[in-house]
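K.L.:
Give me a model of this one.
(2 chains)
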Amino acid sequence: MIEADRLTKSYGDTLAVETLTFTVRPGQVTGFLGPNGAGKSTTLRMILGLNTPTGGSVTVDGVPFADRPRGLRHVGALLDAQDVHGGRSAAAHLSALARSNRIPLHRVDDVLAEVGLAKAARRRIGGFSLGMKQRLGIAGALLGDPPVLLFDEPLNGLDPEGVLWVRGLFRRLASEGRTVFVSSHMMGEMEHTADHLIVIGQGRLIADQSLEDFSARSTGTGVTVQTPELDALATVLTAEGASVRHESGTVGRVAGLSAARIGELAHLHRIMLHELATQTSSLETAFMELTADSVEYLAGDPR
Amino acid sequence: MSTMTSTAVTPPARMTDPAVRFVDLLAAEWIKMRSLRSTYWVLVVSALVAIAVNLNAVHTDLTYIDQSARPGMPPYRYDPLFHGLNSIAVYLMMLAAASVGAISIFGEYATGMVRTTFAAVPDRRAVVAAKVVVVTAVTLVMGVIISTASFFGTNAMLASRHVGLSINDPGCLRAVTAYALIVPVSALIGIAFAAVIRHATATIVGLVSLLFIAPLMFGGDRYKLLKEIGHYLPIAAVDRLKENPDNPYFDPGKYPATITGSWIALGCWALVSVVVAIVVVRRRDV
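P.N.:
Numbers count the residues shown, from 1 in each chain, chains lettered A, B, ... in the order given. Next up is the predicted model:
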């Protein structure tokens, strides 16, 4: 459980994070979304006590993280995969971390195996690809078997297999009852990972809701159909309670009916369809709309 | 808080939280230092070179000692401390130790490792204290090895010319001790500079300026205040402490430094460096 209460951070005149209040709950994956520069990394650093808030507070399981003498058993974090010393081997890097927190050294081999780096354990980190460094960072986060895990842009540099693996890992960690907080600037990454979303823009909270509620906010939700008989189809669908927007002579955007139902209706009325596609970018659209609003709002706000 | 939990799953069985021990941080810092080849090589190579410089200096002098012993030559009193605990060697090991101390800190900041370190151990003061202990211990061992190897090695060579000194001779133990201690003191100064500056190049420039350029600016006998400030610089302090009390050519100058003052100077450099490092690292964002 992570609780931020009116969390604020300013650098001189610049407000990086402004009165941010949110709760990240255990047992689910919470996505932390915002465009570049929205204040995600600053927020994560304040959660970890690396940066001191200029206002408000944030606690992990009820305690400010900086007050804990050792951290790895409480929070596992991957902030930036590059936050390692390239001159050390993966095993030496993790051994130093484990030793500092009195974690048995066999955990090093365990987590290296878990992230698929067992064979690279003795290699210098400097020679690792970004994807391998991400895996090493995840290994470091898992070392202490912590109840709370933070990941800042963990999918950067991972290959498709790695992305699938990370998503599975996050789901598993959450299903074990842990708090999993994952930041991203790509909505699409969260779509298949998160249960809950916290969206910020320009350091302010824009949304804090479940994935379903969030995607329902989008005006772009729906199904795209392409048919030479668009008018006929539109009549049928409207009668079923859907709304149809004509995007061109043959392409329409349907809201309020599933693609399967539209297909059935078209078949029933012998209307030929050339294309029938669920609008999969609805989350992306919702995200873009929301953050665009925040940018516009703040651009007119002199400071 | 548990009422907020949205799912029925139980929290994972946690590893038991063992008592917090400083020795774990020492072990971690030791692993970090040992696993970087650069640090290892700087220490080993500079120690070997420093010893070689001292041995070579005295070995070369053997010829002159032999010549001055011939009839008709002016009498010459050879100072085994001045030549055997050479200034060039001390500069070299001071630079090496200061660099090792500095690298242990700015190596973390420059790479971003510092965030990983402090996320694992939020007690920053303990982290810096552990670094201080490990770096001090390693550089102290280095200093003792260089100092004793140089003293006993050179005086063994000089024994054949009957000018060698024993560790029990006046000023010798003090000289060997100071010559060894300047190494960890330099390392601690390196740690403090790196903690304040946090940037590799600027840190090294700052260290070179303090250790090697400042003594040149505070060296003259013209202004008493400047000279007395100069006495408390690390090199001046160690120079005074390794001075042979029996050296007939020794000129303390118009405003001589004291032995006690020089010991205090070394102690203060070490202590102030540790305090500065712990305070600035604790207070800043990383």
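
K.L.:
Quick check, pLDDT for the residue of the stretch 151-300 of chain A found nearest chain B.
P.N.:
Using CB to the nearest CB, A:Gly177 is the residue of the stretch 151-300 of chain A that sits closest to chain B, at 4.2 Å. Just so you know, the C-beta spots here come from the backbone N, C-alpha and C atoms, and that holds for glycine as well. Looking at A:Gly177, its pLDDT stands at 96.

K.L.:
repeat for B:Pro252
P.N.:
For B:Pro252, the model assigns a pLDDT of 71.

K.L.:
likewise the one 4 residues further on?
P.N.:
The predicted local distance difference test score for B:Pro256 is 82.

K.L.:
what's the answer for A:Asp301, then?
P.N.:
45.

K.L.:
With B:Gln67 instead?
P.N.:
In this model, B:Gln67 carries a pLDDT of 77.

K.L.:
Is it in a helix, a strand, or coil?
P.N.:
Classification of B:Gln67 by DSSP: H, G, I helix; E, B strand; the rest coil places it in helix.

K.L.:
Could you double-check that A:Leu155 sits in contact with A:Gly188?
P.N.:
No - using CB atoms under 8 Å, A:Leu155 is not in contact with A:Gly188, being 10.0 Å away.

K.L.:
Pick out whichever of those two has more residues nearby.
P.N.:
A:Leu155 (19 against 14; other CB atoms under 10 Å in any protein chain shown).

K.L.:
List the residues that contact that one.
P.N.:
A:134, A:162-163, A:166, A:184, A:186, A:189 (CB atoms under 8 Å, 6 or more residues apart in numbering or on different chains).

K.L.:
and the residues you listed as TSV, adding pLDDT?
P.N.:
Shown next, in TSV, are these (pLDDT from 0 to 100):
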residue	pLDDT
A:Gln134	96
A:Gly162	93
A:Val163	92
A:Val166	94
A:Ser184	89
A:Met186	80
A:Glu189	78
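
K.L.:
ok, those residues vs A:Pro146, which is closest?
P.N.:
Distance to A:Pro146 across the contacts of A:Leu155 (CB to CB) is lowest for A:Val166, with 16.9 Å.

K.L.:
residue contacts, the closest one?
P.N.:
A:134, A:138, A:154-155, A:158.

K.L.:
switch the cut-off to 10 Å
P.N.:
By CB atoms under 10 Å, 6 or more residues apart in numbering or on different chains, the residues touching A:Val166 are A:115, A:134-135, A:138, A:151, A:154-155, A:158, A:182, A:189, A:193.

K.L.:
Can you check my assumption that it lies in a helix?
P.N.:
Yes - assessed by three-state DSSP, A:Val166 belongs to a helix.

K.L.:
So which of the contacts of A:Val166 belong to strands?
P.N.:
A:151, A:182 (DSSP state E).

K.L.:
Show me what A:Phe181 is bridged to.
P.N.:
A:Thr30, A:Leu150 (DSSP bridges).

K.L.:
Would you confirm that it contacts A:Leu48?
P.N.:
No - contact status for A:Phe181 versus A:Leu48: not in contact, 11.1 Å apart, counting by CB atoms under 10 Å.

K.L.:
Show me the common contact partners of those two, please.
P.N.:
With contacts taken as CB under 10 Å, 6+ apart, A:Phe181 and A:Leu48 have A:60, A:75, A:77, A:150 as neighbours in common.

K.L.:
helix/strand/coil for the third one?
P.N.:
Recorded secondary structure, A:Ala77: strand (three-state DSSP).

K.L.:
Give me the neighbour count for it.
P.N.:
For A:Ala77, the count of nearby residues is 28 (other CB under 10 Å).

K.L.:
Check the second one too.
P.N.:
A:Val75 is flanked by 26 other residues according to other CB under 10 Å.

K.L.:
same thing with the last one?
P.N.:
The number of residues packed around A:Leu150, counting by other CB under 10 Å, is 28.

K.L.:
that older thread, now distance to A:Leu268 too, for the contacts of A:Val166, in TSV please.
P.N.:
Shown next, in TSV, are the contacts of A:Val166 (distance: CB to CB, whole Å):
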residue	distance to A:Leu268
A:Val115	51
A:Gln134	50
A:Arg135	51
A:Ile138	50
A:Phe151	47
A:Pro154	46
A:Leu155	43
A:Leu158	45
A:Val182	43
A:Glu189	38
A:Thr193	37
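
K.L.:
Filter the contacts of A:Val166 down to the ones in helices?
P.N.:
A:134-135, A:138, A:189 (DSSP state H).

K.L.:
so which of those is the most crowded?
P.N.:
A:Arg135 (28 neighbours).

K.L.:
Which residue is the nearest non-sequential neighbour of that one?
P.N.:
A:Val115 (4.1 Å; CB to CB, 6 or more residues apart in numbering or on different chains).

K.L.:
Give me every residue in the stretch 51-200 of chain B lying close to chain A.
P.N.:
B:107-108, B:110-124, B:126-127, B:130 (CB under 10 Å from any CB of the partner chain).

K.L.:
I'd say A:Thr193 and A:Leu173 touch.
P.N.:
No - taking contacts as CB under 10 Å, A:Thr193 lies outside contact range of A:Leu173: 11.2 Å.

K.L.:
Quick one: residues contacting A:Glu240.
P.N.:
A:254, A:256-257, A:261-262, A:265.

K.L.:
ok so, going back, how many residues are close by the residue nearest to A:Arg135?
P.N.:
If we define neighbours as other CB under 10 Å, then A:Val115 has 24 of them.
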